[in-house]
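# Need coordinates for the below:
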Amino acid sequence: MGLFSFLSRNKSAQKAEEEKVELQKSLDKTKESVFKKLSRAIAGKSTVDDEVLDNLEEVLVTSDVGVETTLQIIERLQERVKRDKYLGTGELNKVLREEITGLLVGNTPAADPWLQEGKKPYVIMVVGVNGVGKTTTIGKLAYLFKQNGAKVVLGAADTFRAAAVEQLQEWGRRVDVPVVAQNMGSDPASVAFDTLKSAVAKDADLVIIDTAGRLHNKVGLMNELTKIKNVMKKVVPDAPHEVLLVLDASTGQNAIEQAKQFTAATEVNALALTKLDGTAKGGVAIGISAQFKIPIKYIGVGEKLTDLQLFDKQEFVNSLFE
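You can find the predicted model right below:
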């Protein structure tokens, strides 16, 4: 049975409702920004014509959805207008909701296989630039899994900053999970190797490896991440099972640029978006997911230990438009 299967099943109806409310609150600034612009775009119009589409294009681009994804949405709307012959501005929210949901690469948590049989320990390598909330996300992930019965081990492979190692160790103490660490300046691959050896010895279910958040040298970054992956395979042959890129939603287009850099450097197959609660730039989630075709798995909606949610694209879009 997959670990995430029981994550979904163990969620009570009350908990699901609380998370929905938290998500809606976290998107308040984005909704206020987008819908103010949207109302201006369709003011005085009864049908979706070329002028409305031009105005809508501007709204989406300035809402950090991104040019590429905006053009996809506009193209889809043009096809709807052409097919339906008439599309009233009153229907625009409904149609936008449908088209954006269709573009998002997300998962419905209850249907996601995530941790399959035979993937033990399941290894997640976490990447992302410094300051996006990477280490905090790891701590919250460890808490999420531990609360659902998983045995978790963390690896402090960001050995270039003493603060990164100390921060992860502090999260380990808070969540009460072991952290494997070495001295600052140690070989990150060596830390990853020791972490997996420890996890296997402890019969752990899940390993989360923190990595350095440097982007100034793409070649160096690629070589470093490749080395870490190759060393891990000596202990767990198919590791890492997941390369999770953490992005700060509040940086808008910078987050899209970071996604470009990291997807070029390594095989990212999952995304976590942090700080959605403090930004009007939540539209970047749409752009990143649609442009890179990588599923968003987690979203950060607050500062509390429990404020990391499994991402459900339908709930996200509903919350954005309600």
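# quick one: secondary structure of the one residue sitting closest to the centre of the chain?
Closest to where the C-alpha atoms of the chain average out (C-alpha atoms, centre = their mean) is Ala272, at 1.9 Å. Under DSSP: H, G, I helix; E, B strand; the rest coil, the three-state class of Ala272 is strand.
# wait, doesn't it sit right on Ile299?
Yes. Counting by C-beta atoms under 8 Å, Ala272 does reach Ile299; the two are 7.2 Å apart. For glycine as for every other residue, the C-beta is placed from the backbone atoms N, C-alpha and C.
# intersection of neighbour lists for those two?
Counting by C-beta atoms under 8 Å, 6 or more residues apart in numbering, the contacts common to Ala272 and Ile299 are Leu308.
# Across the sheet, point out what pairs with the residue nearest to the centre of the chain.
Val246, Tyr298 (DSSP bridges).
# The stretch 1-150 of the chain: helices as residue ranges?
Using DSSP state H, counting those that start in this stretch, the helices of the stretch 1-150 of the chain run over residues 3-9, 13-26, 28-41, 50-62, 67-84, 92-103, 134-147.
# Please apply the same query to the stretch 201-322 of the chain.
Ranges of helices within the stretch 201-322 of the chain are 218-232, 253-265, 284-292, 313-321, based on DSSP H, counting those that start in this stretch.
# Out of those, the one nearest Val67 is which?
Ranking the helices of the stretch 201-322 of the chain by proximity to Val67 (C-beta to C-beta) places helix 284-292 first, at 8.6 Å.
# Just the C-alphas of the closest one, formatted as CSV.
What follows is helix 284-292, C-alpha atoms only, in CSV (Å, rounded to 0.1, in the frame of the first residue of the first chain):
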residue,chain,number,x,y,z
VAL,A,284,2.5,31.6,-11.1
ALA,A,285,1.4,28.1,-10.0
ILE,A,286,-0.6,27.9,-13.2
GLY,A,287,2.3,29.1,-15.4
ILE,A,288,4.9,26.8,-13.9
SER,A,289,2.8,23.7,-13.9
ALA,A,290,1.5,24.2,-17.5
GLN,A,291,4.9,25.2,-18.9
PHE,A,292,7.1,22.5,-17.4
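# what are the C-alpha coordinates of stretch 197-204, in CSV please?
Extracted in CSV, the C-alpha atoms of stretch 197-204 (Å, rounded to 0.1, in the frame of the first residue of the first chain):
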residue,chain,number,x,y,z
LYS,A,197,22.8,3.6,4.8
SER,A,198,21.4,4.9,8.1
ALA,A,199,17.8,4.8,6.7
VAL,A,200,18.2,1.2,5.4
ALA,A,201,19.7,0.1,8.8
LYS,A,202,16.7,1.8,10.6
ASP,A,203,14.2,0.2,8.2
ALA,A,204,12.9,3.7,7.4
